[in-house]
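Novice: Sequence and computational prediction follow.
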Amino acid sequence: MTVLRALVVLLLAGLAAPAGAPAAEKIKVTVPAAAVTFASLYHAKAAGYFAEEGLDVEIVTVAGGGALQALIARDAQVCVTPSTYQLQAWEKGQKLLATGSILTRNSINVVMHKDVAREKGITDKSPLADKIKALKGLKLSGVAVGSFSYQVMLYYLLKAGIDPQKDVELIGIGAGPAMVLALEQRKVDAFATGTPVPDAAVLRGFGLMIVDNAAGEDPDIIVHPDYAKAHPETVRKIVRALVRANRWLADNPAEAAVASMKPFLGRLGDDIILAGLRKVRQGIPRDGRITERASKLTQDFMMRIGALKAPVPYEAFVTHDFLPR
């Protein structure tokens, strides 16, 4: 998807820390899916980077937009999520602030059951346009209705001239292994989600990759402005740990990072995790910066599918003041 660079954002709720709080400040982080997309977050936790910053970080997966809703409801202090959710929240008056990035390219892949592909006359060598057109008439899924994966599937359908309301059945079916099982059992014909979940279906022999973006997503590190103002050092600690993880993942072979992913992606085999890491690490930004181009492409994508009414000025929701100097 050459026109799409989605931003994944780290969002922090405006929760005041109590006076005399212990050195290890508890931070709850929500993510919309368990995927290698969030490799920097997982490595920062597993390698002890957060702990070295005096932070006790808990990572919780809440499917789709629920991850951001947990932040808005003050059930979490941090949310690492595609900025599509952040921009939609901004439009509704939730002025969340992006402070950095953990990935720079779209990592949402689309996989189809091999039997369906055979019936449609599609192979791994078919042109991308033909593969997307083959989605017509099928039962398709993203993680959840309205999720970023769902929106990416919607984008491809519209790009191919397929009416999402009339020409396909588009549903939410859950995340991770549940999607792989649904495809294997032919409960869906194809699905979209972050790597390495689609790769799992391919490696197990019943999936054919239709769209293989898998080089990241441009996750941003986002904070609530009130929280950033009240607790700038905490924000800097979180951003610093994540940028440190960015650099480690960029500088080391994918094989070395598998162990850091296992506590969070343990239901997936090492070979599947490794396949995802090899793709994702290509899009990890060493400096953690969010580019204006990435923001524009994401917003263009959202407006094309009707998920955003008007552009949000880059300067209004992005700051690099908390990045390491």
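Specialist: Nice, I can see it. Numbering: from 1, shown residues only.

Novice: roughly how far apart are Asp226 and Arg74?
Specialist: From Asp226 across to Arg74, the span is 11 Å (C-beta to C-beta, to the nearest Å). Bear in mind the C-beta positions are built from the backbone N, C-alpha and C, glycine included.

Novice: mind checking the SS state of Val60?
Specialist: strand (DSSP: H, G, I helix; E, B strand; the rest coil).

Novice: ugh, wrong one, Ser295
Specialist: helix.

Novice: Could you number the chain from 226 rather than 1 from now on?
Specialist: Okay, residue one is now 226; in that scheme the one you just asked about reads as Ser520.

Novice: Was I right to think it contacts Tyr539?
Specialist: Yes - Ser520 is in contact with Tyr539 according to C-beta atoms under 8 Å; the separation is 5.0 Å.

Novice: measure stretch 363-377 end to end?
Specialist: Length of stretch 363-377, first residue to last, C-alpha to C-alpha, to the nearest Å: 16 Å.

Novice: Over to stretch 409-427?
Specialist: Start-to-end span of stretch 409-427 (C-alpha to C-alpha) is 10 Å.

Novice: Show me what counts as buried in it.
Specialist: Within stretch 409-427, the residues that qualify as buried are 409, 413-427, counting by 16 or more other C-beta atoms under 10 Å.

Novice: How is the protein divided into domains?
Specialist: Under the assignment automatic domain parsing, the domains of the chain span 233-330+441-542, 333-436.

Novice: any idea how far Arg299 lies from Val282?
Specialist: From Arg299 across to Val282, the span is 17 Å (C-beta to C-beta).

Novice: nope, Leu266 is what I meant
Specialist: For Leu266, the distance to Val282 - C-beta to C-beta - is 9 Å.

Novice: Check Lys358 too.
Specialist: Distance of Lys358 to Val282, given as C-beta to C-beta: 44 Å.

Novice: So the two - more neighbours on which side?
Specialist: Neighbour count, other C-beta atoms under 10 Å: between Lys358 and Val282, Val282 has more, with 21 against 18.

Novice: which residues sit in contact with that one?
Specialist: Taking C-beta atoms under 8 Å, 6 or more residues apart in numbering, we find Val282 in contact with Ile252, Lys253, Val254, Ala269, Lys270, Phe275, Val303.

Novice: Would you mind giving these as TSV with neighbour count added?
Specialist: TSV is the format used below for the contacts of Val282 (neighbours: other C-beta atoms under 10 Å):
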residue	neighbour count
Ile252	20
Lys253	18
Val254	27
Ala269	31
Lys270	22
Phe275	26
Val303	30
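
Novice: which of the residues you listed are the two that sit furthest away from each other?
Specialist: Greatest spatial distance among these (C-beta to C-beta): Lys253 and Ala269, at 14.7 Å.

Novice: Was I right to think Glu316 contacts Val537?
Specialist: Yes - assessed by C-beta under 8 Å, Glu316 is found in contact with Val537 at 7.3 Å.

Novice: Looking at those two, which has the bigger crowd around it?
Specialist: Neighbours were counted for Glu316 and for Val537 using other C-beta under 10 Å; Val537 has more, 20 against 14.

Novice: Give me the pLDDT value at that one.
Specialist: Among the per-residue scores, Val537 shows a pLDDT of 92.
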